[in-house]
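Asks: predicted model, plus sequence, below.
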Amino acid sequence: MYAFDFEKPTTVAEAVAALADDEAQPLSGGQTLIPTLKQRLAMPSKLVSLTGIAEMQGVCTNDAGQLCIGGATPHAVVAAEAASKYPALSALASNIGDPAVRNRGTIGGSVANNDPAACYPSAVLASGATVVTNNREIAADDYFQGLFSTALEEGEIITEVRFPVPQAANYQKFVQPASRFALVGVFVAKFADGVRVAVTGASNDGVFRWTEAEKALSANFSPDALNGLSVSADGMIGDLHGTPEYRAHLIAVMTKRAVAAAS
Amino acid sequence: MAKVSMTVNGRAVSGDVAGNRLLVEFLREDLRMTGTHVGCDTSQCGACVVHVNGKAVKSCTMLAHEAEGATITTIEGIASPDGTMSRVQQAFQDHHGLQCGFCTPGMVMTATKLLEQNPTPTEAEVRHALEGNICRCTGYHNIVKAILAASGQDVSKIAAE
Ligand SMILES: Cc1cc2nc3c(=O)[nH]c(=O)nc-3n(C[C@H](O)[C@H](O)[C@H](O)COP(=O)(O)OP(=O)(O)OC[C@H]3O[C@@H](n4cnc5c(N)ncnc54)[C@H](O)[C@@H]3O)c2cc1C
Ligand code: FES
Ligand code: FES
C-alpha cells in the first residue's frame, strides 16, 4: 500500500468536509478497498472512514413502509435485522462472502463499488430501491451505469438505501466457488403493480433488468411463464469460469428457480 | 503516524502507527503476537481471523486505526491463563483437525464465534461458517468433525476421511 492519512469523522457533514480534499476517498468495510490498495491500484492521499458515523448505521422502517438501511451497515447486521421484514434481502446478505467479510463489508460500499458480480446491486435494482446520498436521492434505474460505474459524483457518500418491500421475492445465486461472488445471480421481486427481475454476474455492463421476463411474470407469476424465454449471449461475460452462452443459459435457470422459491 | 490504543486479550496496548498499518501487522510486528497468521494477505484464506468487539474479522483487511478503542481477542487469548485449551482447541487436537497448523488459528477463531452464536450447528451450518477459512492440508472433514464435537454433538458416526 502507498502511504495515506486516516480520518474517522462521526457525522456525515464532517465526512463530506474531509472528502473535499483532493485524492481523499471514503473507506467503509474495506473488504474491497483494502485489497485494492494492497495491489496499488488506488493511491488516495487520505482515507475517510465511514464506520464511526452513527447516522449511517442500522436498519429501520420509514412511514412509507420502506426498509431503510444505513450506508455503513455491515452485511451481517442486514442479514439479522431484515430477516422478518424482507427475508429475501436478508438471505442475500447472509450469503455474501463469508462471516468475516459480512462483519466488515457494508451495503454502501457494495453499491458504490458496483462490482459486476456483486449481490446487492441486483436487490437494489429489482426492488426499485432509492440510493440516498449526502445531497440527493437517486432511483435505482438511474443509479447503475455499467461496470464499476454509478451516478455518484466525486466525494458523494451513500448514506442510506431505501427498499420498497415486495409481496414476494427471492435471490438465486450461482456461486463462483473460488471468489464466492455470483457467477450469475438473479433477484426477482413481485409488487402489486408488477414484477422486476435484476441480473448480476452475467453482463459486461454490470447489473441489468431482464424486461422480457418481467413482462411474462407480471402476467403470470409462475416458473412456467418463463418457458421459451432466453437471454442472448451477446454482451455477456466470458472468462475461465464460464462462456457467455453458459452465463446466458444460467440467467433463465436461476430466474425460474427464484420464481419457484418466491411463489 | 498517529497513536492507536486498544485492548488485546485483556491487556491495554498502544502504538504509534502509520495510516496504512494493518491490524494484523500491528498484532504480529508491533506487539510480537505471532499466533495470528497471514496466509494470503488478499482477504481470501481466513488465517488472520481475530475477534474485534466480539465479531470475527480478517485482520489483514482492517486498518489498525479502525480498531481504535476496540476490544480484541486473538488465538493467544483463547486458552485459559493456566494453558488449558478451550473446548474448540481441545476438539481440534482430539479429532485431528489440523496437520501443518497454519490455518488453525483462523479456524479456531471462526469456529469459536460460530458456537457462541449457534451452539449446536448442523454439519451444513459448520461448512457455511467456514467458507472464508481455507485449509490446504486436512480436506476439512476433521475440522468440521472437531467443531461438531466441540458443540457437544455425537460425531462417532461421522467417518474420519
Ligand atoms: C472473500 C470475499 C468474498 C466476497 N464475496 C462477495 C459476494 O459473494 N457478494 C458480494 O456482493 N460481495 C462480496 N464481497 C465484497 C464485499 O461485499 C464488500 O464488502 C463490498 O463489495 C464492499 O463493501 P465495503 O464496505 O467493504 O467497501 P470498501 O471496500 O470500504 O469500499 C469500496 C468502494 O466504495 C467506496 N465507498 C464505500 N462506502 C461508500 C459510501 N457509503 N458512499 C460512497 N462510496 C463508498 C470506497 O471509496 C471504495 O471505492 C466479497 C469480498 C471478499 C473479500
Ligand atoms: S491473511 Fe487475511 S485472509 Fe488470508
Ligand atoms: S492444517 Fe495445514 S493449512 Fe490447514
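Replies: Looks like it arrived, so ask away. Numbering: from 1, shown residues only, chains lettered A, B, ... in the order given. Ligands and ions are numbered 1, 2, ... in the order given.
Asks: got the contact list for stretch B:38-54?
Replies: If you take C-beta atoms under 8 Å, 6 or more residues apart in numbering or on different chains as the criterion, stretch B:38-54 is touched by A:31, A:34-35, A:38, A:98, A:100-101, B:23-24, B:27-28, B:36-37, B:56-62, B:67, B:70-75, B:102-103, B:105-107, B:109-110, B:112-113, B:132-134. C-beta here means a position set from N, CA and C on the backbone, and glycine is covered the same way.
Asks: out of those, which end up buried?
Replies: Among the contacts of stretch B:38-54, the ones that count as buried by 16 or more other C-beta atoms under 10 Å in any protein chain shown are A:31, A:34-35, A:38, A:98, A:100-101, B:23-24, B:27-28, B:36-37, B:56-62, B:67, B:70, B:72-75, B:102-103, B:105-107, B:109-110, B:112-113, B:132-134.
Asks: and ligand 3, which of these reach it?
Replies: Under the cut-off given by C-beta under 6 Å from any ligand atom, ligand 3 has B:102-103 from the buried ones among the contacts of stretch B:38-54 close to it.
Asks: domain ranges for chain A?
Replies: Listed by automatic domain parsing, the domain ranges of chain A are A:1-49, A:168-262.
Asks: let me fix that: chain B
Replies: For chain B, automatic domain parsing gives the domain ranges B:2-77, B:87-150.
Asks: so how far is chain A from B:I72?
Replies: Look at B:I72 and chain A: by C-beta to the nearest C-beta, to the nearest Å, they are 13 Å apart.
Asks: which residue is the nearest non-sequential neighbour of that residue?
Replies: Distances taken as C-beta to C-beta, 6 or more residues apart in numbering or on different chains put B:V8 closest to B:I72, at 4.7 Å, once the chain neighbours are dropped.
Asks: just to revisit the earlier point, any idea which of the domains of chain B gets closest to ligand 2?
Replies: The closest of those to ligand 2 is domain B:2-77. By C-beta to the nearest ligand atom, the value is 3.2 Å.
Asks: tell me the bridge partners for the residue nearest to A:Q167 when sequence neighbours are not counted.
Replies: Distances taken as C-beta to C-beta, 6+ apart place A:K190 nearest to A:Q167, at 5.2 Å, with adjacent residues excluded. Beta-bridge pairing of A:K190 under DSSP bridges involves A:A168, A:V195.
Asks: wouldn't A:K190 be in contact with A:F221 here?
Replies: Yes: A:K190 lies in contact with A:F221 (C-beta atoms under 8 Å); the separation is 5.6 Å.
Asks: just to revisit the earlier point, rebuild the domains of chain B as CSV, extending it with mean pLDDT and distance to A:N134.
Replies: Converted to CSV, the domains of chain B look like this (pLDDT from 0 to 100; distance: least, C-beta to C-beta, whole Å):
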stretch, mean pLDDT, distance to A:N134
domain B:2-77, 98, 21
domain B:87-150, 97, 32
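Asks: reformat those domains as CSV; add distance to A:A198.
Replies: Shown next, in CSV, are those (distance: least, C-beta to C-beta, whole Å):
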stretch, distance to A:A198
domain B:2-77, 26
domain B:87-150, 24
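Asks: contacts for stretch A:145-157, please.
Replies: Residues beyond stretch A:145-157 that count as contacts (C-beta under 8 Å, 6+ apart) turn out to be A:12, A:15-16, A:19-20, A:24, A:26, A:50, A:71, A:108, A:111-116, A:131, A:133-135, A:138, A:142-144, A:158, A:204-206.
Asks: for ligand 1, what are the nearby residues on chain B?
Replies: Residues of chain B lying near ligand 1 by C-beta under 6 Å from any ligand atom: B:43-44.
Asks: which stretches in chain B count as strands?
Replies: When assigned using DSSP state E, the strands of chain B occupy the ranges B:2-8, B:11-17, B:49-52, B:55-58, B:71-73.
Asks: let's have those strands in JSON lines, adding distance to ligand 2.
Replies: Conversion of these to JSON lines gives the following (distance: least, C-beta to the nearest ligand atom, whole Å):
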{"stretch": "strand B:2-8", "distance to ligand 2": "17"}
{"stretch": "strand B:11-17", "distance to ligand 2": "18"}
{"stretch": "strand B:49-52", "distance to ligand 2": "8"}
{"stretch": "strand B:55-58", "distance to ligand 2": "4"}
{"stretch": "strand B:71-73", "distance to ligand 2": "15"}
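Asks: A:A140 and A:S127 touch, don't they?
Replies: Yes: A:A140 is within contact range of A:S127, at 7.2 Å (criterion: C-beta under 8 Å).
Asks: need the pLDDT of A:P177.
Replies: Looking at A:P177, its pLDDT reads 85.
Asks: host element of it?
Replies: In this assignment (DSSP states H and E), A:P177 forms part of neither any helix nor any strand.
Asks: from A:I107, how far off is it?
Replies: 24 Å (C-beta to C-beta, to the nearest Å).
Asks: quick check, central residue of chain B?
Replies: B:M109 (2.5 Å; C-alpha atoms, centre = their mean).
Asks: tell me if I'm right that it and B:I72 touch.
Replies: No: with contacts counted by C-beta under 8 Å, B:M109 stays clear of B:I72, the gap being 10.9 Å.
Asks: where does chain B come near ligand 2, residue by residue?
Replies: Selection of chain B residues close to ligand 2 by C-beta under 6 Å from any ligand atom yields B:38-41, B:43-48, B:58, B:60.
Asks: with the stretch 1-150 of chain A instead?
Replies: So the stretch 1-150 of chain A never meets ligand 2 (C-beta under 6 Å from any ligand atom).
Asks: what about the helices in the stretch 1-150 of chain A?
Replies: A:12-19, A:33-38, A:75-81, A:87-94, A:99-104, A:107-113, A:120-127, A:140-143 (DSSP state H, counting those that start in this stretch).
Asks: what about stretch A:203-217, near ligand 1?
Replies: No: using C-beta under 6 Å from any ligand atom, we find that stretch A:203-217 stays clear of ligand 1, coming within 10.6 Å at best.
Asks: quick one: buried residues of that stretch?
Replies: For stretch A:203-217, the neighbour count (16+ other C-beta under 10 Å) marks A:203, A:206-210, A:213-214, A:216-217 as buried.
Asks: what of stretch B:32-51?
Replies: For stretch B:32-51, the neighbour count (16+ other C-beta under 10 Å) marks B:33, B:35-39, B:41, B:43-51 as buried.
Asks: chain neighbours aside, what residue packs nearest to residue 19?
Replies: Looking at chain A here, since you left the chain open. Distances taken as C-beta to C-beta, 6+ apart put A:G155 closest to A:L19, at 4.3 Å, once the chain neighbours are dropped.
Asks: you looked at the wrong chain, it should be chain B
Replies: Of all residues not flanking B:G19 in the chain, A:F6 sits nearest, at 3.8 Å (C-beta to C-beta, 6+ apart).
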